[in-house]
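1. Show me the folded form of this:
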Amino acid sequence: MKNIPSKVLCGVGATLLLAGCGGESKPNIAIGPPASTTQSVSQLLFDAYGIDSDKYNTYQEGFGAALDGVQDGNIDISIGILGLPSGSIENLQATSGDARLISLSDDAIDYIEENSAYQRFTIPANSYAFQNEDVSTITAYAILVGNTNTIDEDLGYELARLMHEHAEENTHSQSAFITLENALNGSEGLPIHPGAKKYYEEQGLTVDNPVAELGDTEAKEEFILGTGSQGGTYYPLGGEMATIWNRYLENQNFTNIETGASIENLVSIRDNNMDLGMTVHAPAQDAIAGSGEFDSGAIDNVAFIGHIYPEVIQIITRERSNIDSLSDLTD
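-> Numbers count the residues shown, from 1 in each chain. Okay, the predicted model is just below:
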């Protein structure tokens, strides 16, 4: 393996998992918060390259905190599931001046496509000011799901309608993908909320998904939207969505909260501690099927409401790390 400078903070910080602190210098990799989809994707990447856990030290950080570590030199690689372009990555380049995206090999992408719902994606050159070449990676879809025990048909209809018909009021860059053309992206294999189905069919879309069965929803005024970490895309974008709903829905208040993102949001909906959640479509499929992170039991009170934006796996480092590829970790 190449000589990779890294600061191994043995015993420091409750969020650090020590994969080995016996004096050997190993790269420090931020794999996402505990119980997050980013962690699942990180493991998928390691499996694709045959990278054993003794080859690196792991940090369980949200993407914003992880990039702070990259900037400070405490973290060598940060793996994130983000919109394109990511403001956090642009900020890293502005402060460090040597940010770099790591591309995936064709073999790794083939493995991932065969073993997951993620698909090949090319980050075009010049997506970032520092990026002179195309970068090969994988992508998924960020979607909005609802709790069928708390989101009744009328509210499901209004949530879908408002997020599309007032998308121009959403100032986040990723809101450009909230269109009727994209509305059903990421819905494959998921039951759709009957209110959302009604709205999309009124707009001329063909909806083939099974329709979710609603529970005995009771009238309520306060609703919780689970998003992600403040340094990622979910939290600010979810805040914009909640603002629009609050602007047009009377006697109902929507609050976006910071979470560990997809898996935590799905589990919170399962436990009826959350009404709405933003999630990558792949773990939502697992939740319905009772597979992957949810092999202990399927979730039966989650319904698709709408597509939000394409989620691109972005692997970021700095030139000073001397890491050109994840394959460097196998040497």
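2. how about Tyr141, what does it touch?
-> Tyr141 makes contact with 185-186, 280-281, 307-311 under the criterion Cβ atoms under 8 Å, 6 or more residues apart in numbering. Quick note: C-beta positions are derived from backbone N, CA and C, even for glycine.
3. in this protein, which helix or strand is least confident?
-> Every helix and strand in the chain was compared by mean pLDDT, DSSP states H and E; the lowest is strand 16-17, with a mean of 34.
4. Skip ahead from that one and say which helix or strand is next.
-> The helix or strand immediately downstream of strand 16-17 is strand 28-30, counting by DSSP states H and E.
5. That following strand pairs with which strands?
-> Paired strands of strand 28-30, with direction, are strand 57-59 (parallel), strand 77-82 (parallel) (DSSP bridges).
6. centre of the chain versus the longest one, how much separation?
-> Looking back up the chat, that one is strand 77-82. Relative to its chain's centre, strand 77-82 lies at 9 Å (Cα atoms, centre = their mean, to the nearest Å).
7. and it, average pLDDT?
-> Averaged across strand 77-82, pLDDT comes to 93.
8. Ok, the shortest one next?
-> Taken as a whole, strand 57-59 has an average pLDDT of 95.
9. just the helices in the stretch 101-250 of the chain please.
-> For the stretch 101-250 of the chain, the helices defined by DSSP state H, counting those that start in this stretch occupy 106-115, 153-165, 194-202, 234-248.
10. mind listing what's buried in the first one?
-> Within helix 106-115, the residues that count as buried by 16 or more other Cβ atoms under 10 Å are 108-109, 111-112.
11. packing partners for it?
-> Applying 3 or more Cβ pairs under 8 Å, 6 or more residues apart in numbering; DSSP states H and E, one finds that helix 106-115 contacts helix 37-49, strand 119-123, strand 135-147.
12. Can you report how many residues lie near the nearest residue to Ala142 once chain neighbours are set aside?
-> Among residues not flanking Ala142 along the chain, Ile308 sits closest, at 4.3 Å (Cβ to Cβ, 6 or more residues apart in numbering). By other Cβ atoms under 10 Å, 28 other residues sit near Ile308.
13. Return the residues in contact with Ile308.
-> 141-144, 174, 177-178, 237, 278.
14. Tell me which of the strands paired with strand 28-30 is the most buried.
-> Of all those, strand 77-82 has the most neighbours on average by mean count of other Cβ atoms under 10 Å, namely a mean of 27.
15. how many degrees apart are that one and helix 234-248 in direction?
-> Angle of strand 77-82 versus helix 234-248, following axes from the mean of the first three to the mean of the last three Cα atoms, to 10 degrees, is 20 degrees.
16. Need the contact partners of strand 77-82.
-> Residues from elsewhere that reach strand 77-82, judged by Cβ under 8 Å, 6+ apart: 27-32, 37-38, 41-42, 45, 61, 63, 66-67, 69-70, 86, 88-89, 102, 140, 232-233, 261, 280, 311-317, 321, 323.
17. Also stretch 113-124?
-> Applying Cβ under 8 Å, 6+ apart, the set of residues contacting stretch 113-124 is 41, 44, 47, 84, 101, 109, 112, 131, 134-140, 281-282, 285, 310, 312-314.
18. what about that stretch, start to end distance?
-> 20 Å (Cα to Cα, to the nearest Å).
19. pLDDT averaged over that stretch - what is it?
-> Stretch 113-124 comes out at a mean pLDDT of 92.
20. next one: it to chain centre, how far?
-> Centroid separation between stretch 113-124 and its chain, computed with Cα atoms, centre = their mean, is 14 Å.
21. Can you list the residue ranges for strands in the stretch 201-331 of the chain?
-> 222-226, 253-257, 276-280, 302-318 (DSSP state E, counting those that start in this stretch).
22. Let's have those strands in CSV, adding distance to Lys197 and mean pLDDT.
-> Listed next are the strands of the stretch 201-331 of the chain as CSV, based on distance: least, Cβ to Cβ, whole Å; pLDDT from 0 to 100:
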stretch, distance to Lys197, mean pLDDT
strand 222-226, 20, 98
strand 253-257, 21, 98
strand 276-280, 17, 96
strand 302-318, 9, 96
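23. can you tell me which of those comes nearest to Gly215?
-> Shortest distance between Gly215 and those, using Cβ to Cβ, is found for strand 302-318: 10.6 Å.
24. List of residues touching stretch 32-43?
-> 29, 31, 60-63, 66, 79-81, 118, 229, 260-264, 267, 279-280, 282-283, 292-293, 313.
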